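Visitor: curious how this folds, go ahead:
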Amino acid sequence: MSMDLLISWGLSLLLMLMTILFIFRIVLTWYPQIDLNRFPFNLVAWPTEPFLVPVRKIVPPLGGVDISPIIWVGLITLLREVLLGQQGILTMALR
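Guide: Sure thing, here's the model as predicted:
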């Protein structure tokens with residue numbers, strides 16, 4: 001396996017994992033009584049919170065609902081498509 005393919009595969013895996021964590025975070029926003037500092041919820045909150053804090057400062061909650069995880073799902077999906085999609089930058093560079 002070449003180094004380029006390994007980097008591409010690793011980046012794809014990382015972006016997919018972050019997307020899944022943010023989707024779990026969206027579901028957790030439906031249950032405000034859940035303590036995010038307790039196991040297993042902290043496994044979702046810990047890696048996503050540093051990304052959500054700056055977005056919350058810019059985009060306030062809409063109707064009391066935190067939409068910052070939704071924004072991050074969109075951004076990560078866009079980034080994954082731009083870098084690794086069929087016409088992605090890394091995909092085209094590795095051909």
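Visitor: can you give me the buried ones in the worst-scoring helix or strand of the chain on mean pLDDT?
Guide: Sorting the helices and strands of the chain by mean pLDDT, DSSP states H and E puts helix 89-93 at the bottom, at a mean of 88. Residues of helix 89-93 classed as buried: residue 90 (neighbour count, 16 or more other Cβ atoms under 10 Å). Backbone N, C-alpha and C define where each C-beta goes, glycine included.
Visitor: give the other helices and strands that that helix contacts.
Guide: Counting contacts by 3 or more Cβ pairs under 8 Å, 6 or more residues apart in numbering; DSSP states H and E, helix 89-93 is packed against helix 3-29, helix 68-84.
Visitor: what's the most buried one of those?
Guide: Most buried of the helices and strands packed on helix 89-93, by mean neighbour count (mean count of other Cβ atoms under 10 Å): helix 68-84, with a mean of 17.
Visitor: so how far is that one from its chain's centroid?
Guide: Here helix 68-84 shows a centroid-to-chain-centroid distance of 7 Å under the convention Cα atoms, centre = their mean, to the nearest Å.
Visitor: same check on stretch 47-54?
Guide: Between the centre of stretch 47-54 and the centre of its chain there are 10 Å (Cα atoms, centre = their mean).
Visitor: need the contact partners of that stretch.
Guide: Outside stretch 47-54, the residues that touch it by Cβ atoms under 8 Å, 6 or more residues apart in numbering are 18, 21-22, 25, 66, 68-69, 72.
Visitor: can you dump the C-alpha atoms of that stretch in CSV for me?
Guide: Extracted in CSV, the C-alpha atoms of stretch 47-54 (Å, rounded to 0.1, in the frame of the first residue of the first chain):
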residue,chain,number,x,y,z
PRO,A,47,-13.8,15.2,20.9
THR,A,48,-16.6,17.5,19.6
GLU,A,49,-16.8,20.2,22.1
PRO,A,50,-13.7,22.1,21.0
PHE,A,51,-15.2,22.4,17.6
LEU,A,52,-18.6,23.5,18.8
VAL,A,53,-17.6,26.3,21.2
PRO,A,54,-16.4,28.8,18.6
